[in-house]
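Enquirer: sharing a model that was predicted from the sequence below.
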Amino acid sequence: MLILASGERVRHMTIRPWMIVTTLSSFALVTLCYLGATAYLVLRDDLIGASMARQARMQNDYEDRISALRAQLDRITSRQLLDQQVVEQKVEQLLQQQDALFSRHGKLGGLMQRAEDSGLSVPGTKASAYHPEDLQQQGSLKGGHKAIEGILGTSGAASIKPAQPSGQESVADQADRVFSKVTLSLKNVEQEQLKRIRSLTANASRTAEAMASIMLRTGVQVPEAGAGGIGGPFVEPVSANSFDTSITALDQALSRLESVRKAAVSLPFANPAPGHEITSGFGNRIDPFLGRLALHAGVDFQADLGTTVKATGSGKVVNAGPSGGYGNMIEIDHGQGITTRYGHLSSILVAVGDTVSAGETIGRAGSTGRSTGPHVHYEVRRNGDAIDPMHFLNAGLKLTTYLK
């Protein structure tokens, strides 16, 4: 108990245990708060410094990451630009090769048509329908073009993709692979063209020589292609590749063949009465009217009255009308001094000055003039002298194979 005295006044205060505990607790709480506030004030600067340092480190890490990404972006962009330039260069080269190949097809078109007109063909090929895109390699070309478009679309994309993982093809590697495939296809197309050109050249040369040999045995000289006057100032030759050389060789071979075919068609190698047998040959025989030996200047074909008579070669009609023992007679000039005569006709279907072609009907069989009955009298003359028509008829049978 606590007693307080002030003058006459005396006060009594009883201190209980809980009051002591409360007082001590309050003191301890105040002390702790003081110590906590003091510690906070002391440690605050360290905490703020640590926080700022941590933020600085995070900012530095972020800036380093940004720099690394920017450097990676620059590398990828530079690589893509380089790859795109490489692809564009290869595309330009490919287009040049393709343009050259298709321009060659333009040169080939006329020659292929001439070859077809001359009866030539390469096994498995129709000259008139010849197109580079019909070759087996065209499928590779189309596939290559799709792959090229894909590469160009990838290399030209606006978005930047991460770097290629190891072992995966880059755009440049894909371009090299695709362009190698397409270039090989174009080379195969070119080789196929050259192969067909050379085959046609060889066929044209063989055919021309075979026909010329057959005609030569009849005494016909086949003129060389392009024969005639030539000239001009001397100019150094231009460089020529294998394709241009092959084209020139084919053109010359076709010109030679066309010259031989033209001569074969113009000269009398056909039959004036196809399907009719010969009743009297060329040479000496007993004359049916005089009963003594006489020269028969032609051959006679059995024919009924009115049977069609055909020109044995193209040429110009120089005589058409009655002519002594020939009766109604037609004479055609075929050039090179060679003429043909068709006698004893019942009717004449052409006039002097007309131009006729081989196989054209020019008259009808009869028995006019010095004749014992309907037939076709046929003669071949060189420079006015009668020669055996059988030489030309036999040669015509052999030439038929090449004139189809």
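Expert: That came in fine, so what should we check first? Quick caveat: nothing in here was measured; it's all calculated off a predicted structure. Residues are numbered from 1 along each chain as shown.
Enquirer: can you give me the domain assignment for the chain?
Expert: 2-84, 97-156+171-222+241-266, 278-403 (automatic domain parsing).
Enquirer: where exactly do the helices run in the stretch 251-400 of the chain?
Expert: Using DSSP state H, counting those that start in this stretch, the helices of the stretch 251-400 of the chain run over 389-403.
Enquirer: hang on, the earlier thing: by mean pLDDT, show me the worst of the domains of the chain.
Expert: Sorting the domains of the chain by mean pLDDT places domain 97-156+171-222+241-266 lowest, at a mean of 71.
Enquirer: the top helix by length along the chain - contacts with which helices or strands?
Expert: Ranked by number of residues, the top helix in the chain under DSSP state H is helix 17-117. When contacts are defined as 3 or more CB pairs under 8 Å, 6 or more residues apart in numbering; DSSP states H and E, helix 17-117 sits against helix 138-155, helix 171-216, helix 242-266. Bear in mind the C-beta positions are built from the backbone N, C-alpha and C, glycine included.
Enquirer: and the longest one, how far out from the chain's middle?
Expert: Mean-position distance between helix 171-216 and its chain equals 10 Å (CA atoms, centre = their mean, to the nearest Å).
Enquirer: now for Arg70: which residues touch it?
Expert: Shown in contact with Arg70 (CB atoms under 8 Å, 6 or more residues apart in numbering): no residues.
Enquirer: meant to ask about Ser266, not that
Expert: Ser266 touches Gly313, Ser314, Gly315, His334, Gly335, Ala358, counting by CB under 8 Å, 6+ apart.
Enquirer: 7 Å instead, please
Expert: Going by CB atoms under 7 Å, 6 or more residues apart in numbering, Ser266 touches Gly313, Ser314, Gly315, His334, Gly335.
Enquirer: any idea how far Gln191 is from the closest residue to the fourth one other than its chain neighbours?
Expert: Nearest non-adjacent residue to His334, counting by CB to CB, 6 or more residues apart in numbering: Gly315, 4.0 Å away. Shown here: Gly315 relative to Gln191, a distance of 45 Å by CB to CB, to the nearest Å.
Enquirer: tell me which of these two has more neighbours.
Expert: Gly315 (23 against 12; other CB atoms under 10 Å).
Enquirer: so what's the more buried one bridging to?
Expert: Counting by DSSP bridges, Gly315 forms beta bridges with Val356.
Enquirer: likewise for Thr361?
Expert: Counting by DSSP bridges, the residues bridging with Thr361 are Lys310.
Enquirer: pretty sure it sits against Lys310.
Expert: Yes: at 5.7 Å, Thr361 counts as touching Lys310 under the criterion of CB atoms under 7 Å.
Enquirer: so if I had to pick from these two, which one is more boxed in?
Expert: Lys310 (19 against 12).
Enquirer: distance check, that one against Asp83.
Expert: In terms of CB to CB, Lys310 sits 73 Å off from Asp83.
Enquirer: just so I know, which of the domains of the chain lies nearest Lys90?
Expert: When the domains of the chain are compared by CB to CB, domain 97-156+171-222+241-266 sits nearest Lys90, at 4.7 Å.
Enquirer: ends of that closest one, how far apart?
Expert: Start and end residues of domain 97-156+171-222+241-266 are separated by 45 Å (CA to CA, to the nearest Å).
Enquirer: Pro268: how many residues sit nearby?
Expert: Residues near Pro268, counting by other CB under 10 Å, number 27.
Enquirer: now do the contacts for Asn271.
Expert: Thr312, Leu393, Gly396.
Enquirer: now, which of the residues you listed sits nearest Leu73?
Expert: Taking CB to CB as the measure, Leu73 lies nearest Gly396 of the contacts of Asn271, at 83.8 Å.
Enquirer: number of nearby residues for that closest one?
Expert: 23.
Enquirer: relative to Asp333, how far out is it?
Expert: Taking CB to CB, one finds Gly396 at 18 Å from Asp333.
Enquirer: for Ser185, same thing?
Expert: For Ser185 relative to Asp333 (CB to CB), the value is 56 Å.
Enquirer: for the two, indicate the residue with more neighbours.
Expert: Ser185 (20 against 14).
Enquirer: so how far is Val260 from the more buried one?
Expert: Ser185 is 38 Å from Val260, by CB to CB.
Enquirer: same check on Val352?
Expert: Taken as CB to CB, the span from Val352 to Val260 is 30 Å.
Enquirer: which of those two has more neighbours?
Expert: Legend: neighbour count by other CB under 10 Å for Val352 and Val260, higher for Val260 (27 against 12).
Enquirer: isn't that one up against Gln221?
Expert: No: using CB under 7 Å, Val260 makes no contact with Gln221, being 11.2 Å away.
Enquirer: and Phe282, backbone torsions?
Expert: In terms of degrees, to the nearest 10, the main-chain angles of Phe282 are phi -80, psi 140.
Enquirer: for it, give me its contacts.
Expert: His296, Gly298, Val299, Asp388, Pro389, Met390 are the contacts of Phe282 under CB under 7 Å, 6+ apart.
Enquirer: how about 6 Å then?
Expert: Val299, Asp388 (CB atoms under 6 Å, 6 or more residues apart in numbering).
Enquirer: the one 5 residues further on too?
Expert: The contact partners of Asp287, taken as CB under 6 Å, 6+ apart, are Ala294.
Enquirer: change it to 8 Å
Expert: Contacts of Asp287 by CB under 8 Å, 6+ apart are Leu293, Ala294.
Enquirer: could you report the distance from the closest residue to Ser367 other than its chain neighbours to Pro322?
Expert: Distances taken as CB to CB, 6+ apart place Pro374 nearest to Ser367, at 4.7 Å, with adjacent residues excluded. According to CB to CB, Pro374 and Pro322 sit 17 Å apart.
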